[in-house]
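Visitor: The sequence and its predicted three-dimensional model are supplied below.
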Amino acid sequence: MNRYKKMFKKLSMLKEGCFVPFVVLGDPTLEISIKIIKILIENGIDALEIGIPFSDPLADGPIIQKSSLRALSNKNTFLEYFDILKSLRTQYKEIPIGILIYANLIYNQGINNFYLQCLSSGIDSVLIADVPIEESKIFYNNANKYKIDSIFICPPDANDDLLKKISLYAKGYIYVLSRLGITGKEDDIFSLSQNFIKRIKKYTSIPLLQGFGISNTEQVKKAITSGLSGIICGSAIIEIIEKNLINQDLMFKKIKAFVKLLKKSTKYNL
Amino acid sequence: MTLLNPYFGEFGGMYVPQILMPALFELEKHFIAAQQDLDFQKKIDDLLKNYAGRPTPLTLCRNLTIGTKTRIYLKREDLLHGGAHKTNQVLGQAMLAIRMKKKEIIAETGAGQHGVATAIACSLLNLKCRIYMGIKDIKRQSTNVCRMKLMGAQVIPVTNGSGTLKDACNEALRDWSKNHKTSHYMIGTAAGPHPYPTIVREFQKVIGTETKKQILEKENKLPDSIIACVGGGSNAIGIFSNFIDNHKVSLIGVEPAGRGIETGKHGAPLTHGRTGIYFGMKSYLMQNKEGQIENSWSISAGLDFPSVGPEHAWLKSINRAQYVSINDEEAIFAFQTLCEKEGIIPALESSHALAYALKIMKINSKKEQLLIVNLSGRGDKDINTVNNFLKKEKYNEPI
């Protein structure tokens, strides 16, 4: 059984939702980034989503964009990124680790080579932000070859054709968007319609994680009670990094507290 | 499933977040229907003729070629309303937006020519419009910013990244991901995700159609070469498209070599980049060895883009078109020459194409040859840039 399956099975037995934080590797430096990832893992998260920094992240809002630029300013190489991922995997054997990346970075290394590196670094899934399911074939086939789960995005206005297609190909989990637009934190409490969630579930039993705009416990509770398996939270965590660049101890402390709070809220009312 | 082939050979495609796919499918569907709708076509023809000022003339250079056997014709897109070829396709896209019942237009602009054309079309057809423009371009193209605002457009400064066209494109796409239900993204060049490269080519094809008719009337033969500048590549694909099957006509695209290819400060992905995926398409890209997109450079803001339309990438791959580069200095020289010799102020973009024509003329001065340069726009907007360049040259200051 792969790590995602094990994790979702365990959470279902515990009657908990899944909490997945997202951070960009190398922000603000590789050294601090590794510390942040360790804090996340050691404070109860269920899976990890790691962004590989890209110069033109058009699916992302200003918070993640700035995070990528901070990381890129260190001029780290892909080899270094994969070394770190490999070392994290050695230290944390059970936690599912996914990466979020843009197509050019994969294409540039050779698609086959990229997925081979993912396998040897112990990566569980890959989400390519600018590859819709319609363009995914070559990436998907290579991912399957190395047993890497391909994560697909399901927009909130997806029609039945798209839902069928995503259900057919999705592995690991489906990334359901809270709303249209780009990543970014929101304070409003929003929820996907019950009808929409029912429509997706009609086609698939694969876990659904909600992402985009998640920044508070109420949103998390709402997502879990709506029948989703959990949430992904990126911008709100990255904003803590951005606001505390000059005081790392405070940054670590705040990340720890925020992560614990959000994880706790996934245990609500199931 | 797309209705048209989204690829040109291995280039093109639809590399966008999943969220944008419905908007691209909708656009493709309406574009195909509009192409078959005689009433729609009639309305566009009428706008092009009675509003924009088509057909534009094909002007023979009288003085530029004296002492050689070269004849150079200029396709005068500079005389189109708005001052550049951009007007051709924005009218088409604005009509498509209305057909799709969209009330607002999102656009990006580099030199400001596409922004001005967008503002013109939106003003004429009662569409609200917001135009993203890099902060650096806002400074170097202030006249065009003023024109856009006069016509009621909202100009949104983009401070991210390099503050040029590349960043304006990203920002416009982000806006569209959020607002595509009510807004149409009017891409300014034959680049981006399918169906944009096809739509823009089809609306710009009028340049090549007219050119072919005009040159046959004037010379009773086809030209030896057609030369056009290439940033994203819309004016070039517009004039090339009607000659692609005429294999004796050499098609030459001119990219900006900026301060010199060896300096890395250029905008020549076709000649000095490699294949990658960016701005919704697979095409040639300026990128570093890690695959991060590099900033382009050109004295001409309209050519300052690190990628190029996928059809050009394909034409290069099958050796149907040849792509070369011209640096800032050569473009400025051509700009001055056309002003002095023919009384025409060309856009700095078009000056790159003209500079290459002058090079061909010089190399083969005794050869009888017929060249057509697509004068894609007028250069009033570039006068300050040229003036600053010349002043700095004179005093030998760093540019």
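Guide: All right, it came through fine.

Visitor: Name the residue of chain B that lies nearest to chain A.
Guide: B:Gly291 (3.0 Å; Cβ to the nearest Cβ). (Glycine included, C-beta is placed from N, CA and C.)

Visitor: Could you pull up the residues touching that residue?
Guide: A:Asn104, A:Leu105, A:Tyr107, A:Asn108, A:Gln109, B:Gly276 (Cβ atoms under 8 Å, 6 or more residues apart in numbering or on different chains).

Visitor: tell me which element A:Ile232 is part of?
Guide: strand A:230-233 (DSSP states H and E).

Visitor: quick one: the helices in the stretch 1-150 of chain A?
Guide: A:3-14, A:30-42, A:62-72, A:78-91, A:103-109, A:111-121, A:137-145 (DSSP state H, counting those that start in this stretch).

Visitor: Please compute how far the last one lies from its chain's middle.
Guide: This means helix A:137-145. Computed by Cα atoms, centre = their mean, to the nearest Å, the chain-centroid distance of helix A:137-145 equals 19 Å.

Visitor: Please apply the same query to the second one.
Guide: With Cα atoms, centre = their mean as the basis, helix A:30-42 stands 15 Å off its chain's centre.

Visitor: One more: stretch A:240-259?
Guide: With Cα atoms, centre = their mean, you get 20 Å for stretch A:240-259.

Visitor: Likewise for stretch B:279-295?
Guide: 19 Å.

Visitor: List the buried residues of it.
Guide: B:279-287, B:290-295 (16 or more other Cβ atoms under 10 Å in any protein chain shown).

Visitor: Between those, which sits nearest B:Ala357?
Guide: Using Cβ to Cβ, B:Tyr284 comes nearest to B:Ala357 of these, at 23.3 Å.

Visitor: from what I can see that closest one touches B:Gly309, true?
Guide: No: contact criterion Cβ atoms under 8 Å: B:Tyr284 and B:Gly309 do not qualify, at 9.7 Å.

Visitor: where does B:Arg62 fall, helix, sheet strand or coil?
Guide: coil (DSSP: H, G, I helix; E, B strand; the rest coil).

Visitor: Where is the longest helix in the chain?
Guide: Using chain A. Using DSSP state H to define each element, chain A has its longest helix at helix A:248-265.

Visitor: try chain B instead
Guide: Assigned via DSSP H, chain B shows its longest helix as helix B:196-219.

Visitor: isn't B:Ile207 right up against B:Ser234?
Guide: No: between B:Ile207 and B:Ser234 there is no contact under Cβ under 8 Å: 9.5 Å.

Visitor: Can you work out which residues contact both of these two?
Guide: B:His85.

Visitor: remind me which residues of the chain are low pLDDT?
Guide: Because you didn't say which chain, this covers chain A. A:186-191, A:268-270 (pLDDT under 70).

Visitor: Chain B was what I was after
Guide: In chain B (pLDDT under 70), the answer is B:393-399.

Visitor: show me where it has helices.
Guide: Under DSSP H, chain B gives helices at B:21-35, B:38-47, B:86-99, B:113-125, B:135-140, B:142-150, B:165-179, B:196-219, B:234-240, B:269-272, B:310-317, B:328-342, B:348-363, B:383-394.
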